[in-house]
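[1] Dropping the sequence and predicted coords here.
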Amino acid sequence: MNTDKLSVRLETVAKYVPIESRLADIGSDHAYLPSYLVKNGQISFGIAGEVAKGPYQSAEKNVMAEGLSEKIVVRLGDGLEVIRPGEVDCITIAGMGGSLIASILETGKEKLDSVNRLVLQPNINAFAIRSWLVENNWELIAEEIIEEDGKIYEILVAEKGEPLKPYHDVQEETGLLVGPFLLQRKEIAFQKKWSLEKKNWNRIYKQLEEAAPSSETEEKKKELVKKISLIEGVLSNEDSEWS
Ligand code: SAM
């Protein structure tokens with residue numbers, strides 16, 4: 001792939017990396033994101049971190065082939081362990097599940113002292129990230145939702161600050177689930193995502209109704225009812241073609 005052009009998903013992540021950042025891109029795979037940012041003059045130093053040997057090797061190969069080895073170091077390691085204390089001020093983590101992203105941040109907490117901004121793109125379960133941010137004094141400052149190649153992605157941007165500030169004007173539980181900024185905008189991709197989730201939850205609910213009753217299935221059904229009604233509240237005043 002030519003890193004002069006990124007996917008819309010990674011371009012959206014790139015947009016939120018401040019100029020002149022010292023960046024660590026964790027789970028960098030081919031190192032497309034740091035390569036693009038260096039070539040665009042947006043960052044002066046980048047670490048491409050990878051836990052898996054294959055992606056690590058392909059990141060190394062690409063960085064070398066692009067002649068970017070002086071500005072991007074590729075390191076093999078789990079999560080934030082590839083960062084030395086004080087080395088970076090911005091971290092991007094994209095293309096993984098939200099729980100994995102939250103656990104990478106939790107495990108590497110001590111590396112976040114020098115970090116001013118996190119740009120996170122979970123493929124699923126952004127709730128886990130929003131909850132982690134609130135519990136760890138990071139303030140969500142922006143959110144985006146985009147659709148690309150039939151998939152919907154959320155991008156979450158956070159800085160150290162007042163963790164509950166974005167939730168002041170929305171119901172907190174709803175905000176944590178769907179995103180306080182996204183909730184206020186309710187773009188087409190947002191309506192589509194949550195209408196599809198709702199359909200999926202209804203389908204699971206029906207399956208649980210047909211399963212042998214147990215306290216576990218009852219608990220799951222209760223949780224689903226709560227989430228479905230929460231989403232119905234969010235979508236109720238929308239004239240959505242997907243609901
Ligand atoms: N960030 C790129 C993107 O958004 O296009 C690549 C996403 S790829 C689907 C996820 C990558 O994260 C894989 O290459 C995987 O090896 C890496 N990864 C998963 N867990 C990791 C961890 N704990 N630390 C570092 N990398 C990890």
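    Looks like it arrived, so ask away.
[2] So this protein: which segments form each domain?
    The record's domain parsing of the chain by automatic domain parsing lists 8-168, 188-235.
[3] Pick the most deeply packed of those.
    domain 8-168 (a mean of 19; mean count of other CB atoms under 10 Å). Every residue, glycine included, has its C-beta placed from N, CA and C.
[4] Say whether the ligand is contacted by that domain.
    Yes - Domain 8-168 is in contact with the ligand by CB under 6 Å from any ligand atom, via 10, 26-29, 49-52, 55, 78-79, 94-96, 100, 104.
[5] Strands - which of these land there?
    26, 49-50, 94-96 (DSSP state E).
[6] quick revisit: need the domains of the chain in a markdown table with distance to residue 182 and mean pLDDT, can you?
    Shown next, in a markdown table, are the domains of the chain (distance: least, CB to CB, whole Å; pLDDT from 0 to 100):
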| stretch | distance to residue 182 | mean pLDDT |
| --- | --- | --- |
| domain 8-168 | 5 | 98 |
| domain 188-235 | 5 | 95 |
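[7] right, and those domains - which one's nearest residue 181?
    domain 8-168 (4.1 Å; CB to CB).
[8] mind checking how far the closest one is from the chain centre?
    Centre-to-centre, domain 8-168 and its host chain are 9 Å apart (CA atoms, centre = their mean, to the nearest Å).
[9] From start to finish, how long is it in a straight line?
    End-to-end distance of domain 8-168: 30 Å, with CA to CA, to the nearest Å as the criterion.
[10] Spatially central, which residue of the protein would that be?
    By CA atoms, centre = their mean, the chain has its centre lying nearest to residue 121, at 2.4 Å.
[11] and it, what are its bridge partners?
    residue 94 (DSSP bridges).
[12] dump the residue contacts of it.
    9, 12-13, 92-95, 153-156 (CB atoms under 8 Å, 6 or more residues apart in numbering).
[13] for the single longest helix found in the chain, the distance to its chain's centre please.
    Identified as the longest helix of the chain according to DSSP state H is helix 188-210. Relative to the chain's own centre, helix 188-210 is displaced by 21 Å; criterion: CA atoms, centre = their mean.
[14] Point out the other helices and strands that it packs with.
    With contacts taken as 3 or more CB pairs under 8 Å, 6 or more residues apart in numbering; DSSP states H and E, helix 188-210 sits against strand 138-148, strand 151-160, helix 215-235.
[15] okay, the ones you listed in TSV with distance to residue 115 next?
    Shown next, in TSV, are these (distance: least, CB to CB, whole Å):
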stretch	distance to residue 115
strand 138-148	9
strand 151-160	8
helix 215-235	32
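[16] How about the secondary structure of the residue sitting furthest away from the middle of the chain?
    Within the chain, the residue lying farthest from the chain centre (CA atoms, centre = their mean) is residue 212, at 36.3 Å. Taken by DSSP: H, G, I helix; E, B strand; the rest coil, the conformation at residue 212 corresponds to coil.
[17] Thank you kindly, that will do.
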